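In: sequence first, predicted coordinates after that:
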Amino acid sequence: MATYGIDLGTTYSCIAYVDETGRPVVLKSAVGEDTTPSVVYFESPENVVVGRQAKDSALLAPHLVVELIKRQMGQDVHYAFHGQDHTPESISALILRELARAAQEQTGEQIRDVVITVPAYFGVLEREATRKAGQIAGLNVLDVLAEPVAAALNYETLGHDGGARHIFIYDLGGGTFDTTVIRIEGDDVLVVCTDGNHHLGGADWDSAIISFLLDGFTEQHPQLDPASDEQFMQDLATSAEQLKKQLSATQTRRYNVRFDGRVVPLEVTREQLEELTSELLERTMEITERTIATAREKGVEHFDDVLLVGGMTITPAIARVLKERFGLEARLQDPHLAVAKGAALFALMQKVQEGMGGATDGPGDGTAGPTDSTTQEVADQLGISEEQVRSIARKRVATVVPRAFGLKVVDSKDPVFATDPHRARHYIVHLLTANTPLPADTGPETFRTVKDDQREVSLEVWEQAGSVASEELEHNTHIGEGVLSELPPRPAGAPFQVVFHMTETGLLKVHGQEADSGREVRFDIQIGGLDEAEVQRATSAVARYEVNG
Ligand code: ADP
Ligand code: MG
């Protein structure tokens, strides 16, 4: 049985598998396209439409259409359509179901084992929500994988000799922007650092074009207000995206803005588009600069390759400015499809390694090689050659802590603290910083009690929320907690130690201890989001729908 890679994108999704010759191949959508718009239309209580047709229906029934659901992943948001409750997980599950359904139509085989990609900056909550979306769709999620790692896997044949190579990945999609630096050394792939802005993407370029067209129209007809017409605006949005794509290939494009019986013919040039959106491009360049600086701090001075990923990178200005500004020689390779293809390769890696007896314990574990008979068995099972099995079984993908993790502490220097410590300023002390390779250990960090005879301390674990670490509460998310109790009575300022350990798969283990008494507490971070019962409920709700594209 084959394994599949799924790029569950903010605006477009894609599914791929690895064929008998070892090449990743994209499976087409219901309407014969390589990618499927990540749009869900709750047509009736029984029927859900996903993809191109749903995107077009946004015009007719905006209140029954959901777009950009990836932005809500990991958040406690609820929706209701035709009386049925929905969450970001269950809506994402419907997109996954459609991808699997369309894929099955072509392969004739039921899709079960998948790897789903997530942005590198996704934290534990979002990753877990993505895994649950797969589960709700009835899929077996082998793993979730960072999108830039997937793109690098598709690009680079691992196993080169001749030292480490560094790849810079610039990913500008429909709604998100990511930069990542990846190190490839022999068979190992490692994320060196990652940054980005998840509210910056192609949709912002579209908005700039929409304003330009609207202004062009109202200049001629100032008495009319087309912006208040929902249907007109939806149409204009579709046209603006098309214009943008066309201007990647041609220098100029005409467009007739039609409203209320009037027609205003307008011309948009590529140069105008670049001017209208220069501030947006600049924001991606600032993040690029920051990423280059972070990589330099980590000893990476030179990039062997610069990969452009995401549909927006087809825009010629991007490669040009990267070259002018940073001397980066960027390459376009399958910008729409690289992530799904890399995920398919990774899914196969997971299956092979599972078949070979779970040789996934990290590099250089010194165990003897697998026997020839297992190799043959795995090769037969997965429909690939023994040679491929042997080469895949050696590869390793290591990851980093996606974001900083820390503890909430009270600021005893805040004047309010003396009278009312609860109202005093609280802030986050990060123990684990972003981009630390996994598995990671912080070593014991000392904290102190704040009151005399304080018998317990609550260890509140928070995760960095934005792309830059900040100690302010509003820039972090509470993800779990434990209590260190029955402390010996001591004056305020008594020390205790806390250690964070994060496993290779991103599970955070917390250990707090008071040295004198030996009192301790250990807990793993309880991932929020849907619990098992809710996943079950969502699974049966989603399974009842007729889904089509
Ligand atoms: P996602 O953010 O869902 O991962 P993609 O990587 O597929 O999405 O990128 C989608 C974005 O790329 C959309 O904004 C789309 O308009 C844009 N896009 C697709 N093709 C082109 C093109 N030829 N020129 C410019 N932008 C494009
Ligand atoms: Mg993408």
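Out: The structure has been received and is ready for your questions. Ligands and ions are numbered 1, 2, ... in the order given.
In: who are the neighbours in contact with the residue most central in space within the chain?
Out: Residue closest to the mean C-alpha point of the chain, counted by C-alpha atoms, centre = their mean, is P119 at 2.1 Å. Going by C-beta atoms under 8 Å, 6 or more residues apart in numbering, P119 touches A146, E147, T176, D178, G196, H198. From N, CA and C alone the C-beta is placed, and that goes for glycine too.
In: averaged pLDDT, stretch 106-125. What do you get?
Out: Throughout stretch 106-125, pLDDT has a mean value of 90.
In: let me redo that: stretch 314-333
Out: 95.
In: which stretches of this protein aren't confidently modelled?
Out: 156-162, 358-370, 398-399, 466-467, 505, 526-529 (pLDDT under 70).
In: and it, which residues reach ligand 1?
Out: Taking C-beta under 6 Å from any ligand atom, the part of the chain that reaches ligand 1 is made up of 9-12, 35, 173-176, 201-202, 241, 244-245, 248, 310-312, 314-315, 336.
In: pull out the buried members of these.
Out: Using 16 or more other C-beta atoms under 10 Å as the burial test, the residues of the chain next to ligand 1 include 9-12, 35, 173-176, 201-202, 241, 244, 248, 310-312, 314-315, 336 as buried.
In: pick out the residue of the chain closest to ligand 2.
Out: In the chain, the residue that lies nearest ligand 2 is G173 (3.8 Å; C-beta to the ion).
In: any idea how far the nearest residue to that residue once chain neighbours are set aside lies from D229?
Out: Ranked by C-beta to C-beta, 6 or more residues apart in numbering and with sequence neighbours excluded, the top spatial neighbour of G173 is G310, at 4.0 Å. According to C-beta to C-beta, to the nearest Å, G310 stands 31 Å off from D229.
In: near D452, how many other residues are there?
Out: Other residues lying near D452 total 11 when counted by other C-beta atoms under 10 Å.
In: cool, H302 as well?
Out: For H302, using other C-beta under 10 Å, the count is 9.
In: my guess is it meets H166, correct?
Out: Yes. Between H302 and H166 there is a contact at 6.8 Å, judged by C-beta atoms under 8 Å.
In: quick revisit: so which of the residues of the chain next to ligand 1 are in strands?
Out: If you go by DSSP state E, those have Y12 in strands.
In: quick one: the strands in the stretch 301-450 of the chain?
Out: Ranges of strands in the stretch 301-450 of the chain, per DSSP state E, counting those that start in this stretch, are 305-309, 330-332, 396-398, 405-410, 426-432, 440-441, 445-448.
In: looking at these, which is buried most?
Out: Stretch with highest mean neighbour count among the strands of the stretch 301-450 of the chain: strand 305-309 (a mean of 24; mean count of other C-beta atoms under 10 Å).
In: mind listing the strands that strand pairs with, and their directions?
Out: Strand 305-309 has the following sheet partners, assigned by DSSP bridges: strand 165-172 (parallel), strand 330-332 (parallel).
In: measure how buried the closest residue to S29 other than its chain neighbours is and give me the count.
Out: Excluding the flanking residues, the one nearest S29 by C-beta to C-beta, 6+ apart is T36, at 4.3 Å. Applying other C-beta under 10 Å, we find 26 residues neighbouring T36.
In: for the one 5 residues further on, same thing?
Out: Burial measure for Y41: 25 neighbouring residues, criterion other C-beta under 10 Å.
In: over to V65?
Out: 21.
In: ok so, going back, tell me the one of the contacts of P119 nearest ligand 1?
Out: T176 (5.6 Å; C-beta to the nearest ligand atom).
In: so what's the closest one up against?
Out: Counting by C-beta under 8 Å, 6+ apart, T176 makes contact with T10, K70, P119, G196, N197, H198, H199, L200, G201.
In: dump the residue contacts of the fifth one.
Out: The neighbourhood of N197, defined by C-beta under 8 Å, 6+ apart, consists of T176, F177, R283, T284, I287, S467.
In: quick check: residues of the stretch 151-300 of the chain near ligand 2?
Out: Residues of the stretch 151-300 of the chain found near ligand 2 (C-beta under 5 Å from the ion) are G173.
In: the helices in the stretch 151-300 of the chain, which residues?
Out: For the stretch 151-300 of the chain, the helices defined by DSSP state H, counting those that start in this stretch cover 202-220, 230-249, 270-276, 278-297.
In: enumerate the residues of the stretch 1-150 of the chain near ligand 2.
Out: Proximity of the stretch 1-150 of the chain to ligand 2, by C-beta under 5 Å from the ion, involves residues G9.
In: relative to ligand 1, which residue of the stretch 1-150 of the chain is the closest?
Out: For the stretch 1-150 of the chain, C-beta to the nearest ligand atom, closest residue to ligand 1: G9, 2.5 Å.
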